[in-house]
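Trainee: what's the 3D shape of this:
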Amino acid sequence: MSEATTGGVRVERKVGRAEQANQFLVAVAGCGRKFFAHNGRVSRFEVDGRGRVWFVDAYKERRIYTHYEGEWRGFSEGGTLRRLVCTLRDYIRTGEQKPLHLGPWPDWICSGDPWGYGPDMEIVRASAKACGL
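Mentor: Predicted coordinates for the structure are as follows:
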């Protein structure tokens, strides 16, 4: 197999994993406080031809390079969700599944509901499992 074909296969795998992550973001955006959603749009991951992972913010509609260590210009969500995006980015990039901590949490952490999703958090957890995350 040539180098170009090998690289193309790697990019295809990343695109497939990005689709899984995007399905998860749709579930998160469709319930609870509707994180990652704005005016009918849902944030999403994209993989370019070189295999780089990008995040497109639904609110600002800006493409953000996810490997940048500094401030992400155009990212409209908070730090907890940025960490979630970074975990999903790493999964897209490597295929290695890292644990997504989606609760349950102890009561001393925001009354056990830091996302404010209430019972909808079960939908989020089920989606993560269904998407292979």
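Trainee: when you work out contacts or count neighbours from here on, use the C-alpha atoms and nothing else.
Mentor: Fine.
Trainee: any idea how far residue 126 lies from residue 48?
Mentor: Counting by Cα to Cα, to the nearest Å, the separation of residue 126 from residue 48 is 29 Å.
Trainee: same for the longest helix seen in the chain, what does it pack against?
Mentor: For the chain, the helix with the greatest residue count under DSSP state H is helix 3-29. For helix 3-29, the contact count by 3 or more Cα pairs under 8 Å, 6 or more residues apart in numbering; DSSP states H and E identifies strand 41-42, strand 44-47, helix 79-94, helix 121-130 as packing neighbours.
Trainee: kindly recompute the last result at 6 Å.
Mentor: In terms of contact count using 3 or more Cα pairs under 6 Å, 6 or more residues apart in numbering; DSSP states H and E, helix 3-29 is assigned the packing partners strand 44-47, helix 79-94, helix 121-130.
Trainee: for the ones you listed, which one sits closest to residue 24?
Mentor: helix 121-130 (5.9 Å; Cα to Cα).
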